[in-house]
Every structure is written in structure tokens, then in C-alpha cells.
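Enquirer: got a structure for you, letters missing:
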Ligand SMILES: Cc1ncc(C[n+]2csc(CCOP(=O)(O)OP(=O)(O)O)c2C)c(N)n1
Ligand SMILES: Cc1ncc(C[n+]2csc(CCOP(=O)(O)OP(=O)(O)O)c2C)c(N)n1
Ligand SMILES: [Mg+2]
Ligand SMILES: [Mg+2]
């Protein structure tokens, strides 16, 4: 039998689990400004995360999707994007959204159940958080098609989990992107878990998720998802390729979900209690910190100061968000608004329902 | 960057477009009994096809899915199955169903709109015709799971088209089969067309459809879909592997849809009028015939006689099917039956609807 | 004014808007080179190019999901689903995403997708080519559900739908594509040429969404219907010789309640008719609303004539289809009632 | 008899049947090792093995499609969809395949799949964890739609559903999992322990499909409801002090029309209540049917209390939920009516 097609999957990693370079580093890896900014983004992500979990515990936020341990993934992919590019996140990319210009207040509003949090003042073309698993991958392809049709050199970065790779939507998105050669960078964040199920249940133990698009002609690359340098450089390359008309790419970031699936979840029921604490693939923040310290661009002291600074920043944002009203504290949101935005203009029937609701709730 | 996974797709072909061997042939290819039986199946398929088209033209059948040019594909895959295996067809596999023991009468009833045609007297575990594109691939995996759970050494053969490979269902089926290592042989019949769209619109020009499962750990093989020997031997191997617990396989049969998509379709609107007549990949019947003649197992005379014999057989089946009533001729089917089989037992509300319908239609 | 059948009217709506707005794009199976299995997009790819009239892979979820992303980024996509029976693979994208995007972003994001799809039976299509699933869309808040019954409305409503910033599911009763149909399959087919609603302006015009149309005024009974049944209802009322007011709902959701209620308050009798399965069908909403608002005017229970609660049987199309006999029977019963 | 909450009752039903019939298998996301996000399958994988309690990939269409194939080949699959809000990706497999298999093969093939899924709001889940999509299933011929309101029924109906050769979509109102809920979120939660329907036999028993239950007899008004609203309706009727007959529909399709009609013919007044969006909701069917059969007994229009016609708003759960106030208001209006 003759061979009619061959494929392979490469693996990218620059820093080992201790943060030491495993080979030659790309140029940017020596630029302190850029690296320190990304480092700051990662620390902010972890700070925000901790605050959001605490707020949820006291009933001020709804269920929250924790991103502990995935800081390199979300910052690396976001930092590699340009302003005109579009981020299509799932629900665990707080850090990426923050990097792109969504504010801490907006995120807090969103997780507090206030839809105004998805009305971003900043990156107006970035998509809002997507909760149904996988649907958003197709939106990314549609957006990319629009850019291609209009001749705009913009890339769309679509993010989804290892679990999501099982959804037909994700496959259909890869297929459409392949057929249309749409400028999309698909990022599968393989954090090993989909709620309680290990990536093997999604087929991840048999083949890298990066390979899911091979049969569709979409190159796939597996990346150490706790190595900021590798994530950043791979996404830079894929996004540039997309903007140039080179077509879609699928990047798999191998990381580890450090926390619970969400604040409603108790992972001790299905994995060792302290597993997260040992960061099986290395703590991404620690790894970058060691690299920066080794380069002489950073110190533990600076880290302490940064932590303090960001703590203050996050707290200030929470104070600000509270001005909008929360689930438990005044000023309460106005329930009359719940009839808005079902349609572009509220139909008369809905207006009657609004009036009736106000009459009843007022009584 | 290191390479973490490699994949390849092989191509299988034994006979060239003129029916000459392109290399060493497998043992069965010298066994006249088996080959002639399959040859007969292919000719019967074409005969049946022609009759069904003619019957549709005079209003006796509903829309019919033509399988002209795909005779090797459908007979090869069916002949490679064992009795306990299960066929999960789409709608263009008349020949495979006939081979498996569905009768000509049953097929004629089915295409005449009489659901009794799907109540097979023969292969009771084979699935009925599936019209919604791609859904049936998942049923195949579920059936295979049942066999595996019960420890039965049975393979399921699921058939779908090049167009269907774009459906999320097909991907989900491949993924479930990969994760469960279910005994399924997926057969993608790449007949180049999905109604009016060339296989390129499904992504087929970029990579072989056989490669769609690679990223899921499912081996794929591309086969000359007009070469009975290659189809038969590849399916034999894949089905045996499945029965042995070796897991799923994806076989792509590269063939050509010789006729219209269906009797409702007019392909001259989107492809050259006489394209089918030239059988771009060779006429599968002619190719096998030349091979058989070269081996001394067959002659043009025998072919003529076979054609005559099968014509009579098909006509007799049509006479028989007419006994059941048709769309245009008595005995008409009993409309009262239309309330049966919605549920296991007809609920009282439906019984009242039945009574009311009879009252009205009687008046 | 030109004479157009419903296919031509739909094509004309698409043509007018593609010409007017470069952001309008069409995608669907076989819509491009071939022009659609019902020819509704014939010639448009030649005119506007293959990047604006897109032959899509067979993946209804993919088509609708991609359309959502296009719509968010400035395009105005018109997706064709080849048969309404095949809309279900895209149902999740419609309900969970398309219908909800505006709401979950406080109005910041929306995607003005129009989904066109042929529905209904009468073409020997069996259960997979005959369904009328409008009820399940009308129940979803955040999308508009529309079904025209004639060429004039088809064009005007389709233009309004595409121009609307709301997502619209636009059902086209395929049995009406080539001519009005009074429910009798044995009669020779009539064309739209002789029908007043077959007069269709060539250029741009709109028929507003949210408004039902009184097809014929009457005093004795109101028939509330839409799609193919509009024509059957007229024939049935004529046959009985009752002075019926016939209302074509057209915009199923949001619904023009007032037109319905005013009529029933006037006539005191109401029959609701549609082709879809009765149980849980859209007719239930119509009845529930009308009985609520017109309770004290009603002289008889509101009747429903609909498809039976079975799949569309391949061999018994005309026994399934709620034809003239069933309507006549219902009208007679209703007129006899106290 | 044991005291069980609804989760325990459901688990017990599964346990009893898995023990009785080796063909019963469970599949769904997180149902195996973890035991389900609501713990309904907790312990079953340990007891019956990972080949009978299967952790499935995240693919609702895949889960239901595979279940269909299992069912055709002798298994009796119980699929869990983690939230009813995520059932839509499997909608095509349900409508086009599961519901139609028996019909399109003249009864030769069928697949006795039961799809369990938690529905309804009240747990701060926002629009993607609170929906009640029962109406769109009740409209599909060929599947049964069931929704219990208490542990006793949950177990008995689930056993009947799994044993039924018909496919069943089995909705579990998640707000009732841990206790009856009268619609007041500020009251301390009550458990099922003190509720008569929290008494559940440990072994095998069935509650028949197709039968509504009269929860409380009464003379002045019939409240037809199901799911969470059963408890809210009771509280509302008590608060008003009206002698209401309260009917728990339980089996939404096929529907036990007689129990409803007999009651309304007796009381002359009817209020229909459900948590789902009103427009096009299942209540429409109930109203349409009851007004038809009880027209001459009705002293007031049939009322509907339901969720507003919007997505389930995250921040305004209790203003959205059709709680006691809205029911009281509707009952009062109805009692005042002529
Ligand atoms: C269609 C759908 N099914 C089920 C769920 C429930 N659910 C939410 S998150 C999740 C797991 C997703 O895992 P993965 O894709 O790996 O992302 P991660 O949570 O690990 O970031 C599931 C099953 C959902 N949101 N949408
Ligand atoms: C879900 C769905 N969408 C659309 C259709 C309409 N349709 C019927 S066959 C077909 C083309 C299928 O092409 P392919 O899979 O290549 O099979 P072939 O007809 O060539 O055998 C289409 C689009 C359908 N039956 N089901
Ligand atoms: Mg994950
Ligand atoms: Mg094909």
C-alpha cells in the first residue's frame, strides 16, 4: 500500500519545570519590559481569582470558574494578540480578558450576575464569556470569515477546554475554518480535567488534542501550557500566520487545573485532595519568576511589592463594582431591566409583562 | 521542537481502471465462487437501481437515492461482513442491504413510502435506512458498545458519505468509538458529491477523509472505491480487527456518484451533462468483469445471461411488492395504520384521532 | 409590479438586499453554484460572488454558529437550512446563542441572522421533508418566528427580517412555492399568476414584522391560521358558505394579539388551524391567549384543526394533512354550537 | 419505607433497576466516578462497574445518539444530561431519530432510552442553568415527557420510564431535589423528611405514566400544574384560603386529559401554572384542551401563571420565578370574575 498523507505534531517548550531554559530562547525572552508586563498579568490573574472565590463564598458573586494554575496559558495567548484581533473566550480566561482591556469591575459585575459586565468599554469586538461548552468556536470562525471577506488583517483567537474538544461544534468549527481558510487560532486549553473527568474521557490519552484538526488540514502544535515563553511565541506565530492569510492553526496548551472546576465543585470527590498544591506541571508563575530572576530582571522583593499593589488594585475594583449594586447589597439592580434586550425593541407584550411585574413586586 | 506524534494514511488498490492487477493479489481474489457471487451482487444492485428510477418516474415510488457507480463500494463492504455483524447504512446502500438479506420487495416497499419495508424479515439487527445525514454513525457506536459490553465478537459497519463527514455527529461517533474502543468500521463513501457540492466543500481536497479520525487515534485507510478487491479486503481486515477488540477503523472509499443525487435532483445544473457516463474512476462492474474474464471465470455471454436473470428477478419482486399496495395502485395501504407505532401502545388521545380521521375520510 | 411565485419573491428579496447592503451574505447547503434545491438563491452567486453566496458543508450547527460570528462582526447573514426537518442540529446554536446573545450582554452584542427554511408537507417528502416545527421556535424568547403564506408577504417579510437586528427564523411553506394550494391534491396546480398576492414589486419594500393580516373580513367566525392553511381555510369557509374572517398570523412571535382579539370579540367564534402536529403546537398559544382575552364574547369553544399527533407519514400525506374536509367539519360543528 | 429526598429517590430507582436488569446502563457527563454533579448516580459505578455507569465525553448529541444504538441492541440506557439547558445539542438525535425510530420501521426497531435532566431555576444558575424546556419535547410525537414533583413520584415514574419501551425525557426540577419549595427563597429550606411524599419504598414499585395526580381535592378552582410549581400553588391556594383542587400533571405527554377535565367541569375555574416561559409554553396546550372540553362549565377565563417571556435573568431570579405573589394575584382575579 502506498502512503498518501503524512502528519506530525510538534511540542514546544522553552523553560523547564524549574524555569530554566531548555535550549535557545527567542529574542523577546530577553526583553524585560514585555516579560515583566506578562508576569504582572499572570500575578493579577491569580489575585483576581482568589478575590472572586472569596466573594463567591460570601454570596456576593454567583458560581465562579477558577483559573488557578492556568495563568501562563491565558496571559500568553492574550499577549500574543494585536489590538484589532478578536478574543473568543470560554469561561476560564479572566486573565486573557483583563489583558485585552476588559476591566476588573466588568468581570466582577459579570460573575455577580449583572449582564452589564459583558458590555465591555474596552475591547468592543472581543466576545463575551461563553458558558455552553464549545459553541463559541464556531462564532470565532464566523467572525474570522467576516474579516477575511472585508480584507482586514485580523486574527481571531478561540479558546476552549480539553473537554470541549468532544463537542461536534468544535470539530465543525475546525472544518469550516479549514475549508474557508479563515484566520482563526484555536487554542485548546488542556487542563487535564473536565469537571470530574480526566482528559482521557475526551480521548486525550490516545492522541494529543493538537492532532484533532490534522485530518482537516489544520496544523496542530502541542505546547507546554505552563511555560509562558512557549505559549506566547507559538500564539504569536499562529496569529501572524492567520493575519497573513495562512489559515487556521490548532494549539494545545498542556496545563493543569489547579483549583476546583468552579466554586460549586468539590474536586476532593474525584482527585487527590492536595493534588493542585503540588502543581503537577510546575507553577507557571514560579517558573517565569525564576527565569526573570535568573536574567536579573526581577526579585522576590519586587514580587512582594507587586502582590501588594495588585491586592489594592483588585480591592479598589471590587469597591467600584459594588457601586453598581450586587446580589446581596444595595444598590440593588433594577428588576424592571430584565425585560430589556430580549429584542432590539421591547414588544408590547413584554412591556405589559414588565408593568405587571412591577405592580406585583411593588405590592 | 520535538515531534510528539506521527500519522500516515495508506492507499489500497488491487486492480487498475481496466481491471488489471497492479501487484500481488490476496488469496480470495483467485476464488471464483466468492468473486462471482459479489459480481452478481453488483449487477443486481445496478439492475435494482435502474428499476427503482423507472418506477419513481411513473409515480410508483417516492424520491429514490441512486447508487449507480457505487456498486463495488456497497457490495464489497457488505460481503466482508459476517452474519452476526451489523450494518448501519445511510440511504445509498441498497446493494449492501440486499447482500445482507433485505429483500428486493422490502426495499421497494420502503422507497414506496411503506414503512413495512423497514421491518426486515432477514437481517433483524441491521439498521434501517437513515435519511438525516450523519446521525446513524452514533447509533453504530452505541450498538457496538452493547456488543462489547456483552462480550459478543460482532462488528458494526457504519456507512456515510463525504458530505456527512462535516456533521458533528460523525466526529462525535469517531470520538466515542475511539474512547470506548468500540468494534466499529466506519466507511466514508467519498462519491465526490454531496448533492451539488463537490467534496472540496467538505474539506476533502485538503486531506483524505480517511484522516478524519487520526487525531482521535483511529487508523484511516483510503481505498479505491471502484475496486471490489481492495474494498472487500480492507473491510475484512477492519471488521476482523474490530471483532478481536482492536478498536475502530475509518475506511474511505473513493468512488464516483454516477447518477443524480436522487430522483428529485438534476445534476446537469452543476456538473457536465455526460460526466457520469465516462465513469471518471472506472466502471466498477466493468473492472471486476475484466478481472474475472482474465482469470477465465467469466465471459460476456455469462454476463448477458446474468443480466436477463436479474431483470426477471427484480420484476418479480416488484410484482410481489405491489401485492402490498403502492402509492398509486390498489390495494391502497390502510390509513388507519398511520396512528400505529408512534408509541409501543397507542395512547387514548391518538385512538380518538384515529377514529375521527376514519369518520372524516369515510364521509 | 411583476408576477412572481414565492421562490422568485424570495430570490428577489435576497437580490434587492444584497445589492443594497454589501454586508448581506448567504450561506447554506447547495445555495451557491447550484442555487438551492428549491432554486431560491439561483443566480445570486454568479451576481455577488462565491464569498457572499457560500456553499457550506453539511452541518446545520456549523452554518448557524458561523453565521452568528459573522453577524457579530458586521455582516448580515442569511442562512438557508435545506429543510426545516434538518434545523435541529442547529437548535442549540439558535437557542443557547443566537437568541440569547443580546440579553446576556446587556444589548452590547447581537447577531442579526435570518434563518430561512422550507417547511410543511404536500410534496411526498415523508417524515424527514415535511415537518412544521414553528412551535418550538415561537417558545424561545429572543428570536422572531415568521411564516409567510404568499409571494408578496414572503418578499416584504424577508426584507424586514434581514434588516431586523433581531434574529429571525423564517419558515417557507414549500407547498406554496409555486402556487396557492387549497388542500386538494387532485386538482390541477394553480400558479401565483392569477392570485393578487402574486403581484410583487420588483424593488425594495417591506411588510412589517409583528402584524397579522386580515385576509378576508367576516362576521360569523374567525379563522386564525398561517402558512399553507391560509388557503385551505379560505376554501373551506367558501365551501361551507360561512362568513368567516380569516387572519394570517404571519409573524408568529412576537404575536400581534390585538388583531386576533378584536376579530374574535366581533365574531364570537374562533377556529385555529395549522399543519403542525396539534399537541403542544403553536395553536395552543393562540387558543390560550384568545380564550383569555375574548372569554365573554365566545359563543363556542375555540376549535383547533391541525396535523395529527404522529410523525408525517410517508404514504398517507393527504390523510395527515389538515385539509378542507377537516376544516369544514370543524366549522360546521362550531356554527352548530350553542 | 424510608425517608428519601429526590436525589436519593432517583438514585434508588436506578439502583433497583440496575440490580434487576443487567441491560440497564447509565451514561452521561460526570455520572461515573464522581456520581453526577447533583450526586444522583453516586455509588452506582462502584457497585455496577464502569462499563455500566459510563463517564461520557462532553457531547450531548453523542450521548443520546450512542444511547439510541445501545437501546436498539438490547440495552436499556439511561442518559443523564447535566442540565436541561444543555439538552439542545442532542435535540436532533431526540427528534429525528429517537422519537421516530419505531414509526419509521413499522414497529420493528425502537430504542427505550430514558433521558434524565435537571430543569428549572431557583439555584442562582442564570440563563444557562435554569431553563424548563419541556414544551418543546411535549410537542414531539413519539417521546414521552415526564416531570415529577416529589421523591415518591420521582422514583416510581423513573422506574416506569426506564421500563417503558418508549423513549422518555424525564425532567427533574432541581430546586426540589433537597426539599419541597413553596416559592419563598427567604424562608429556611425544608427537607423532604416531613413531607408525606418523602416516604419512599426501598424496593421496586412503579407510578404509571400517563396519569395526572390530584394532590388535593377542592371545589372552587382547579390549579393544573407540575414540577416546582406544585408546591408553590399549594402555598398560594392556602394563603388565599380558596378551596382549590390541585393537579400535578406529572406525565406531560401523553397527557391524562380526563383527570383535568373532570376537575375543571366540577370547579368551573382553572388556573394553569408552570415555571417555563409563557409564550408557546406547555400551558398553552393545557388551556386549549381544557377550554375545549370544559367550555360550558367555565365561569372565568382560564388563567396562566408562568415565567416571563425572557431568558432566565441571572440577577433577578426571584422576580422571574412565578412565585406565590403571582399565583395569589391570579387566583384572586379568577375568583372575582363573573
Ligand atoms: C453543552 C454543555 N454541556 C455541559 C456543560 C456543563 N459543563 C460546564 S463546564 C464543563 C466541563 C468543561 O471542561 P473543559 O472543556 O475541559 O473546560 P475546563 O472547565 O476544564 O476549562 C461541563 C461539562 C456545559 N456548560 N455545556
Ligand atoms: C442533517 C441533514 N441535512 C441536510 C440533508 C439534505 N441532504 C440529503 S443528502 C445530502 C447530501 C449528502 O451527501 P453525502 O454525505 O456525500 O452522501 P451522498 O448523497 O453523496 O451519498 C443532503 C445535504 C439531510 N438529509 N440531513
Ligand atoms: Mg478542562
Ligand atoms: Mg457524497
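Expert: Received, thanks. Everything numeric here is computed off the predicted structure, so don't read it as measured data. Ligands and ions are numbered 1, 2, ... in the order given.
Enquirer: in the helix ranked longest in chain C, what's buried?
Expert: Scanning chain C for the longest helix, with DSSP state H as the assignment, gives helix C:6-20. For helix C:6-20, a neighbour-count test (16 or more other CB atoms under 10 Å in any protein chain shown) marks C:6-18 as buried. Just so you know, the C-beta spots here come from the backbone N, C-alpha and C atoms, and that holds for glycine as well.
Enquirer: cool, stretch A:105-123 as well?
Expert: A:105-120, A:123.
Enquirer: where does pLDDT dip in the stretch 101-250 of chain A?
Expert: Applying pLDDT under 70 to the stretch 101-250 of chain A picks out no residues at all.
Enquirer: near ligand 3, which residues of it?
Expert: A:161-163, A:191, A:194 (CB under 5 Å from the ion).
Enquirer: for the spatially most central residue of chain A, which non-adjacent residue is spatially closest?
Expert: Nearest to the geometric centre of chain A sits residue A:93, at 2.3 Å (CA atoms, centre = their mean). In space, and not counting its chain neighbours, residue A:93 is closest to residue A:74: 4.9 Å by CB to CB, 6 or more residues apart in numbering or on different chains.
Enquirer: just the pLDDT at the spatially closest residue to residue C:119 that is not a sequence neighbour, thanks.
Expert: Here the nearest residue to residue C:119 in space, its sequence neighbours aside, is residue C:84; by CB to CB, 6+ apart that works out to 3.9 Å. At residue C:84, the predicted lDDT confidence score is 98.
Enquirer: same thing with residue C:227?
Expert: Looking at residue C:227, its pLDDT is 98.
Enquirer: closest residue of the stretch 201-338 of chain C to ligand 4?
Expert: Per CB to the ion, residue C:314 is where the stretch 201-338 of chain C lies closest to ligand 4, at 23.4 Å.
Enquirer: could you look up the SS state of that residue?
Expert: Assigned state for residue C:314: coil (three-state reduction, DSSP: H, G, I helix; E, B strand; the rest coil).
Enquirer: I'd assumed residue B:115 was in contact with it.
Expert: Yes. Using CB atoms under 8 Å, residue C:314 is in contact with residue B:115, at 6.9 Å.
Enquirer: related to what we said a few turns ago, ok, now how distant is the residue nearest to residue A:93 from residue D:12?
Expert: Note on residue A:74: its distance to residue D:12, by CB to CB, to the nearest Å, is 43 Å.
Enquirer: mind giving me the packing neighbours of the helix or strand harbouring the residue nearest to residue A:93?
Expert: Assigned by DSSP states H and E, residue A:74 belongs to helix A:71-79. For helix A:71-79, the elements it packs on are helix A:32-57, helix A:94-100, strand A:156-161, strand A:184-190, helix A:228-243, strand A:249-254, helix A:284-295, judged by 3 or more CB pairs under 8 Å, 6 or more residues apart in numbering or on different chains; DSSP states H and E.
Enquirer: the fifth one: which residues count as buried?
Expert: Looking back up the chat, that one is helix A:228-243. If you call a residue buried by 16+ other CB under 10 Å, then helix A:228-243 has these buried ones: A:228-239, A:241-243.
Enquirer: and that helix, how far out from the chain middle?
Expert: 15 Å (CA atoms, centre = their mean, to the nearest Å).
Enquirer: so how far is residue A:120 from residue C:193?
Expert: Shown here: residue C:193 relative to residue A:120, a distance of 53 Å by CB to CB.
Enquirer: again with residue C:248
Expert: Distance, residue C:248 to residue A:120, using CB to CB: 42 Å.
Enquirer: what residues does chain A have near chain D?
Expert: Taking CB under 8 Å from any CB of the partner chain, the part of chain A that reaches chain D is made up of A:62-63, A:112-115, A:131-134, A:163-164, A:166-169, A:194-197, A:201-203, A:264-265, A:269-270, A:327, A:333, A:335, A:338-339, A:342, A:349-350, A:353, A:357, A:360-361, A:363.
Enquirer: could you list which of those residues belong to helices?
Expert: Per DSSP H, the residues of chain A next to chain D map to helices at A:168-169, A:349-350, A:353, A:357, A:360-361.
Enquirer: ok, those residues vs chain B, which is closest?
Expert: Chain B lies nearest to residue A:168 out of these, by CB to the nearest CB, at 1.8 Å.
Enquirer: what is the neighbour count of the closest one?
Expert: Neighbour count for residue A:168, taken as other CB atoms under 10 Å in any protein chain shown: 30.
Enquirer: from residue D:102, how far off is it?
Expert: 25 Å.
Enquirer: same thing with residue C:109?
Expert: 42 Å.
Enquirer: do residue C:38 as well
Expert: For residue C:38, the distance to residue D:102 (CB to CB) stands at 31 Å.
Enquirer: residue contacts, the residue of the stretch 251-363 of chain A found nearest ligand 4?
Expert: As assessed by CB to the ion, ligand 4 sits closest to residue A:252 within the stretch 251-363 of chain A, at 31.4 Å. Residues in contact with residue A:252 (CB atoms under 8 Å, 6 or more residues apart in numbering or on different chains) are A:188, A:190, A:208-210, A:220-223, A:225.
Enquirer: what's the closest of those to ligand 3?
Expert: Out of those, the member with the shortest distance to ligand 3 (by CB to the ion) is residue A:190, at 6.7 Å.
Enquirer: what's opposite the closest one in the beta bridge?
Expert: residue A:254 (DSSP bridges).
Enquirer: isn't it right up against residue A:204?
Expert: Yes. The pair residue A:190 / residue A:204 is scored as a contact, 6.5 Å apart, by CB under 8 Å.
Enquirer: those two - which one has more neighbours?
Expert: For residue A:190 versus residue A:204, neighbours defined as other CB under 10 Å are more numerous around residue A:190 (27 against 24).
Enquirer: if I look at the more buried one, how far off is chain D?
Expert: 13 Å (CB to the nearest CB, to the nearest Å).
Enquirer: again, but for residue C:172
Expert: With CB to the nearest CB as the criterion, residue C:172 and chain D are 20 Å apart.
Enquirer: tell me who's in contact with the nearest residue to residue C:108 once chain neighbours are set aside.
Expert: Take residue C:108 and drop its neighbours on the chain: the residue closest to it by CB to CB, 6+ apart is residue A:119, 3.9 Å away. If a contact means CB under 8 Å, 6+ apart, then residue A:119 has A:106, C:105-108 as its contacts.
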